[in-house]
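Engineer: need the 3D shape of this:
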Amino acid sequence: MHCTIEPAILYFGTPVVLVSTLNADGTPNLAPMSSAWWLRQKCVLGFDPTSKSPENLLRTGECVLNLPSERQADLVDRLALLSGSDPLPPHKIARGYRTETDKFGRAGATPLPSDQVGPPRVGECPVHLEARLLDAWRLTGPGDDPRGTPYALCVRIVRVHVDEALVAEGYPNRIDPEKWRPLIMSFQQFYGLGSRVHPSRLATIPEEAYRPVAPR
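Structural biologist: The predicted model follows:
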C-alpha cells in the first residue's frame, strides 16, 4: 500500500560535498551540501541563495568539491549550523545558525593548495575536484519569490585528486567502487554506502567509452 504525503524536504539520499571557495578578503570558506549531481565532467550544485558559497562562486568562478567518505562524518558535522554570512539571514538565525569566519579551523580540516583554482582542498577528504563555473540560474517557477529561490550552478571539473588507495588495480584513471565509500546524506542524517547489491549491465561498458572526445 502507498499513501500520499507532503514532506517538507525531498532529500532521499545523495553524497555529501564540502565546497571550498574564497571569500572577498581571500580567506577560505568551507560549506557542506548534498544537492549535487554529476554528468560527464560537469557538476550541478544547488544552493540556498543567501549562502556564502554561491556568492563566492559567482564572484570568483572557482571552487573545489571535496568528497568525504564515511570516516569524515564527524568533520562534516562540525560544520553544521555554521555560516560564512554576516549578517545572517533571518531564516538561518531561526534555525540556530551562527556566523563562523574560520570554517577550516572549526572543522579541524587541513587546507591543501589546489593546482588550477584558488580555493584550497580539504586534506582529509579522499577526493578533491577542482572546478570552474560554467553557468548559473535561479530555480524560479510561477508564483515563486525570485529572491528566495535556490541557485543552480554548473561547474566544470578541471582537475581530479584521489587517495591512491581508491585507484582500481591495473587502471590508473579509474576509481574502484568497492573501495570508495562516500558519505551519504538522507533526510538530514548521515549514512554510509554498503556493499554491492546486484551486478550492473552498465558496468560491462568500459569507462573509457564515456570520456569526452575533443571536437575536431
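Engineer: which stretches of this structure have low pLDDT?
Structural biologist: For the chain, the stretches with pLDDT under 70 are 146, 198, 201-202, 214-216.
Engineer: quick one: the strands in it?
Structural biologist: 14-15, 17-22, 28-33, 36-39, 42-47, 62-67, 82-83, 98-99, 111-112, 121-122, 127-138, 151-162, 184-186, 189-191 (DSSP state E).
Engineer: now mean neighbour count and distance to residue 145 too, for those strands, in TSV please.
Structural biologist: In short, each C-beta sits where N, CA and C put it, glycine included. Formatted as TSV, those follow (neighbours: other C-beta atoms under 10 Å; distance: least, C-beta to C-beta, whole Å):
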stretch	mean neighbour count	distance to residue 145
strand 14-15	17	26
strand 17-22	26	25
strand 28-33	23	22
strand 36-39	12	24
strand 42-47	19	16
strand 62-67	26	26
strand 82-83	21	21
strand 98-99	12	24
strand 111-112	16	37
strand 121-122	26	34
strand 127-138	18	11
strand 151-162	17	14
strand 184-186	17	26
strand 189-191	13	29
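Engineer: what's near enough to touch the closest residue to residue 108 other than its chain neighbours?
Structural biologist: Among residues not flanking residue 108 along the chain, residue 75 sits closest, at 6.1 Å (C-beta to C-beta, 6 or more residues apart in numbering). When contacts are counted by C-beta atoms under 8 Å, 6 or more residues apart in numbering, residue 75 touches 68, 107-109, 124.
Engineer: beta partners of the most centrally placed residue in the chain?
Structural biologist: Taking C-alpha atoms, centre = their mean as the criterion, residue 17 is the residue nearest the geometric centre of the chain, at 2.7 Å. The partner list for residue 17 in beta bridges (DSSP bridges) reads residue 33.
Engineer: now do the helix ranked longest in the chain: everything it contacts.
Structural biologist: The longest helix of the chain (DSSP state H) is helix 52-60. Here helix 52-60 makes contact (C-beta under 8 Å, 6+ apart) with 19, 21-24, 29, 31, 33, 45, 47-48, 63, 83-85, 118-119, 133, 136, 151, 153, 155.
Engineer: repeat that for 6 Å
Structural biologist: 19, 21-22, 29, 31, 47, 63, 84-85, 133, 151, 153 (C-beta atoms under 6 Å, 6 or more residues apart in numbering).
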